[in-house]
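Colleague: What follows is a predicted protein model with its sequence.
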Amino acid sequence: MADGAVTVSVGVASEERQQLMFCAERAFELAMQVARAGNRVFEIGRIVEREVRRCGFSVIRELGGHGIGRTIHEQASVPNYPDPTAR
């Protein structure tokens, strides 16, 4: 299984929208650096929200990442903010 998403601009995107796309990609790259065995899911959310806020945006708390294995949407739920209940 694999799961991936990419955002592309259709037509000319405003500067703000270009910055948002860059920010989301950068936050994902930083999250992947901490998504390792032994690290808590909390840390993934912490790094994502920190980068998003640094860029002047905010996360949508109702949306997030997920595990993947034998099926495409498995546990764990991965919030894009430092949720202390996330394991």
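Modeller: That came through fine.
Colleague: Next one, pLDDT for V78 please.
Modeller: Note on V78: pLDDT of 90.
Colleague: show me the contacts for the residue positioned nearest the centre of the chain.
Modeller: Most central in the chain under Cα atoms, centre = their mean is F28, positioned 4.7 Å from the mean C-alpha point. F28 makes contact with V48, according to Cβ atoms under 8 Å, 6 or more residues apart in numbering. Where C-beta positions appear, they are placed from N, C-alpha and C, glycine not excepted.
Colleague: now do L30
Modeller: With Cβ under 8 Å, 6+ apart, L30 has these contacts: 47-48, 51.
Colleague: right, and the helix or strand after the helix or strand hosting A24?
Modeller: For A24, the enclosing helix or strand under DSSP states H and E is helix 15-34. Once helix 15-34 ends, the next helix or strand along the chain (criterion: DSSP H and E) is helix 41-54.
Colleague: which strands and helices sit next to that next one?
Modeller: helix 15-34, strand 74-79 (3 or more Cβ pairs under 8 Å, 6 or more residues apart in numbering; DSSP states H and E).
Colleague: buried sites along the last one?
Modeller: Using 16 or more other Cβ atoms under 10 Å as the burial criterion, the residues of strand 74-79 that qualify are 78-79.
Colleague: The longest one too?
Modeller: Applying a neighbour-count criterion of 16+ other Cβ under 10 Å, the buried positions in helix 15-34 are 20, 23-24, 27-28, 31.
Colleague: Pull out the CA atoms of it and give them to me as CSV.
Modeller: Output in CSV follows, covering the C-alpha atoms of helix 15-34 (Å, rounded to 0.1, in the frame of the first residue of the first chain):
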residue,chain,number,x,y,z
GLU,A,15,1.7,34.7,-3.7
GLU,A,16,-0.2,33.7,-0.6
ARG,A,17,-1.4,30.4,-2.1
GLN,A,18,2.1,29.6,-3.4
GLN,A,19,3.4,30.2,0.2
LEU,A,20,0.6,27.9,1.6
MET,A,21,1.6,25.1,-0.8
PHE,A,22,5.3,25.5,0.1
CYS,A,23,4.5,25.6,3.8
ALA,A,24,2.4,22.4,3.6
GLU,A,25,5.1,20.6,1.8
ARG,A,26,7.8,21.8,4.2
ALA,A,27,5.7,20.8,7.2
PHE,A,28,5.3,17.3,5.7
GLU,A,29,9.0,17.0,5.1
LEU,A,30,9.8,18.0,8.7
ALA,A,31,7.1,15.6,10.0
MET,A,32,8.7,12.8,8.1
GLN,A,33,12.0,13.5,9.9
VAL,A,34,10.4,12.8,13.3
